[in-house]
Structures are given as C-alpha cells and as structure tokens.
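Student: here you go, sequence then predicted model.
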Amino acid sequence: MYNMSGKRRKTSISVLLAAVCLLVFIYGCSGTKNYTSYTRPQFDIAGIKKIAVLPFENYTSEPYAAERVRRAVMIELMSRGVEVTEPGEITAVLRKQRIRSIRNITVENIRDIGDALGVDAVMKGSVGAFGIRKGISVTYPEVSVNLTLIEPESGDIIWAASNTSGGAGFWTRHFGVEGPTLDEAAAKVVREALDTLFQ
Amino acid sequence: MSLSKKSIFILVVIILLSVAGCYRKSAPVYYMREDVDFSFIKKVAVMPLQNLTDERYADEIVRQTVISELLASGLVDVTIPGEVTAALEKLNIKSAASLNPDQIKQIGKLLNVQALILGSVQQYGEVKFGSVTAPEVTITLMMADVNTGTILWSVTRTLGGSSFMSRHFGAKSKTMSETVVAVVREALQTFTE
C-alpha cells in the first residue's frame, strides 16, 4: 500500500513539474524587446533643451492616431524637463513656409523651422498601427511608432527609435486579466521609445 | 519501465517534437556580391518602396522600419526621406520602382550617398491559416551602388503565420507591427552580419 501511494505521488509530482515547465516556457515566449533605437555617436543629446515636435504622419485608418501619439510624445518630453514648442506655433511656421506634407520635408525646411522656432532639435514621427486587434481568443491594443530627432543646423538624424506594443500579455490570454487601454498602450510605447533618448 | 513512466516519456517526446516542429523556419533568399568591400558605404538613401499589396500604407510602414533598423545597426547613416523625394522631383523621376543605372548614379550624386536601398512589399496583411488568422509580411530589398548603378545585395524574406504553440497552447503570437520589425530585421541581418 505504501509503495503504491509513493509511486502515485512521484507520478503526480512529475506531471506537475512538466506542467510548470510548459507554463514557464509559454510565459517566457512573451518577453521580447520590441524597440529599436539609434543615437548619433559623439553627439551631446543632453545639450538639447527645446524641441519642436512636428505633426506626425498617420499610416493607420484611425483619423486622429497621429495627433494622439504626438500629444503623448510632447507630454512625455515635458515630463522629462525638455521644453516643447506650442503646436500652434509650429502650424503657423509650417503655413508660413508653405510646407504641406511633413513626409516630404527637406533638410532646408528643417533648418528654416529650427531658425524660426529657436529650437535645438526637430522631431518627426509616424504612427504605423493604432487600434484594437483581435487575437486568437482575446482583443488587445496595438500601437506602433517611429520617432526621429533631427539637428536643424546639419540636418543629421541625431536619434531615432521605433517601438511597438506586443500582443495580449500572458495573464490576459490565459486568465482574462484586463489589459491596457489603447491610450495606455500608446503612452507605454512612447515612454519606452523616449527612454532610449534619455538613458 | 512502469506504465506511468512510459506515459510521461511519450508525453515529453511529443512535446519536444511539437516544439521542434514549430520552430522550423525558412531561410531568407539573398544575394551578395562577393568581390565588393562594403565598408565604403557610409550613407544610404532608402527610396520609396513599391507597394504590391492592398494595404494603403504598407510601403511607408516598411520603409520607416528599414530606416530605423539601418540606423540602429550602426553601420550606415541614412538620408531623411524628404531629401529623397526632393531629389526624385528634381530629376523628374516619377517612380522609384524602375530606376536605370544612370538615374541611380544621378540620385547618389545629388544626395551624396554611396548606395540606394530599393525594394517592394509583396505581402502585408492578415492571412487565414486553418481556423486562425495571423499576420504575414513579405518584402524584397536591394542595395544599388551609386558609382556603377549595379545591385550589390538583394534579399527576399517572408514571415508570419500562427505558431504551433500559439494555436494549441495560447503562447504569444506576433502582432502585425512585430512581424514587420522581425521581417525587416532578418532581411537586413543578411547584409549586416
């Protein structure tokens, strides 16, 4: 009797261990780094005190995605002590210089914007994804951004980062735990991208 | 061997085989000129990509990712996209999809770069795999030398689909944006490695 129950206990422990290993494996699959960043070597990023965040390009079907992410970037920059030009001033300068498309902005345009606004750097950006997606069994927010910081004098890219939110987390997929909202996901994606600028 | 031990052994073997099976990956198809020293390339211009999909902005999304990944590699500097558009307008080139060697040389001279990145997006969207849908992206990238107008490197890469683990065990599957980053990263690795 004792031997039988001992065997059963060992089997139960083995099965339990196998299940734990499987869960840990599945959980491990979720932790991937989604951001990519570049900082120009030998450039003093700390010297940048004021940035003009240009209107972002919107590559999504959500009409206000670009502006929502742009606002998140501006708030995040201000929270880190960087001065940000008021969006109305940027619009006025773009109108004055007859720049219709941010996508086609040249180094000369950026130089003129830098001079007109008195900023140390100009930020361009684009939003590649912004919406709620349907997974196999759950829905989750997907946000993808590309940010580029350009030095107005030289027109050089001094910093660039792209980041995307991952799919639904482990706890949401398996236990139905509430995931982040779309704006929370956007704020996180922006924060992680800007972390690479201020690291 | 007792029955329970046998069962556990069979279960472990099945899991191992499944895991091994789900990691089967196709290698990128690429070409690289062997007689060229790529260290002369310090700055490149990424041309507008050809969009062969129904997704309106697939070309621009992939292009932005290519620029970010090239910069992040630390190997080359990249011209800002607006300068490329201005150069194409100045040279009266309507489409960057079919550039001849002379045009490649002219663009290179105007932008002061050593190479141009050209390419296309063939697939960008959710594809149905059995009972589930998953993102799939296919891209082709080429690098042209602006001194000779010849192709130095080209690669075609496809990524996507739903993995065995995500279909059966609820493991995390890649989002559309993650698939784009992964496909671009793997394509560029054939050049940067």
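Tutor: Received, thanks. Numbering: from 1, shown residues only, chains lettered A, B, ... in the order given.

Student: now the strands for chain A?
Tutor: In chain A, the strands defined using DSSP state E lie at A:36-39, A:50-53, A:57-58, A:83-84, A:121-134, A:139-150, A:157-164.

Student: okay, now B:Gln122: neighbour count?
Tutor: When neighbours are defined as other C-beta atoms under 10 Å in any protein chain shown, B:Gln122 has 16 of them. C-beta here means a position set from N, CA and C on the backbone, and glycine is covered the same way.

Student: domains of chain A?
Tutor: As assigned by automatic domain parsing, chain A contains the domains A:1-30, A:33-198.

Student: for these, which one sits closest to B:Ile8?
Tutor: Across the domains of chain A, B:Ile8 has its closest neighbour in domain A:1-30 (5.5 Å, C-beta to C-beta).

Student: show me where pLDDT drops low in chain B?
Tutor: Applying pLDDT under 70 to chain B picks out residues B:1-3, B:15-26, B:131, B:162-172.

Student: ok, 50 please
Tutor: Within chain B, the ranges that satisfy pLDDT under 50 run B:24.

Student: and chain A, by the same measure?
Tutor: Scanning chain A with the threshold set as pLDDT under 50 gives A:1-2.

Student: so which residues of it form helices?
Tutor: Assignment of helices within chain A using DSSP state H yields the ranges A:2-28, A:65-79, A:87-96, A:107-117, A:170-175, A:182-198.

Student: who are the neighbours in contact with A:Gly118?
Tutor: Neighbour list for A:Gly118: A:Lys50 [criterion: C-beta atoms under 8 Å, 6 or more residues apart in numbering or on different chains].

Student: quick check on it: phi, psi?
Tutor: Backbone torsions for A:Gly118, taken as degrees, to the nearest 10, come to phi 60, psi 50.

Student: just checking, A:Ala193 touches A:Ser165?
Tutor: No - look at A:Ala193 against A:Ser165 with C-beta atoms under 8 Å: they stay out of range, at 11.0 Å.

Student: number of nearby residues for A:Ser14?
Tutor: A:Ser14, neighbours per other C-beta under 10 Å, totals 16.

Student: leaving out sequence neighbours, find the closest residue to it.
Tutor: B:Ile8 (5.5 Å; C-beta to C-beta, 6 or more residues apart in numbering or on different chains).

Student: how many other residues sit next to the spatially closest residue to B:Leu75 that is not a sequence neighbour?
Tutor: Leaving aside its sequence neighbours, B:Leu75 sits nearest to B:Thr192 (C-beta to C-beta, 6+ apart; 5.8 Å). A total of 14 residues lie near B:Thr192 under the criterion other C-beta under 10 Å.

Student: specify the beta-bridge partners of residue 157.
Tutor: In the absence of a named chain, chain A is used. A:Ile150 (DSSP bridges).

Student: I was thinking of chain B, sorry if that wasn't clear
Tutor: Those that pair with B:Arg157 in a beta bridge, by DSSP bridges, are B:Ile139.

Student: who's in contact with it?
Tutor: B:28-29, B:138-139, B:183, B:186-187.

Student: ok, now A:Asn58?
Tutor: A:65-66, A:126-127.

Student: kindly recompute the last result at 6 Å.
Tutor: Listed by C-beta atoms under 6 Å, 6 or more residues apart in numbering or on different chains, the contact partners of A:Asn58 are A:65-66, A:127.

Student: same deal with B:Thr158?
Tutor: Counted by C-beta under 6 Å, 6+ apart, B:Thr158 has contacts B:Thr138.

Student: look up how far chain A lies from it.
Tutor: To chain A, B:Thr158 is 19 Å away according to C-beta to the nearest C-beta, to the nearest Å.

Student: show me what from chain B comes close to chain A.
Tutor: Within chain B, the residues that sit near chain A (C-beta under 6 Å from any C-beta of the partner chain) are B:4, B:8, B:57, B:60-61, B:64, B:68-69, B:71-72, B:82-83, B:85-86, B:132, B:169-172, B:175, B:177-178.
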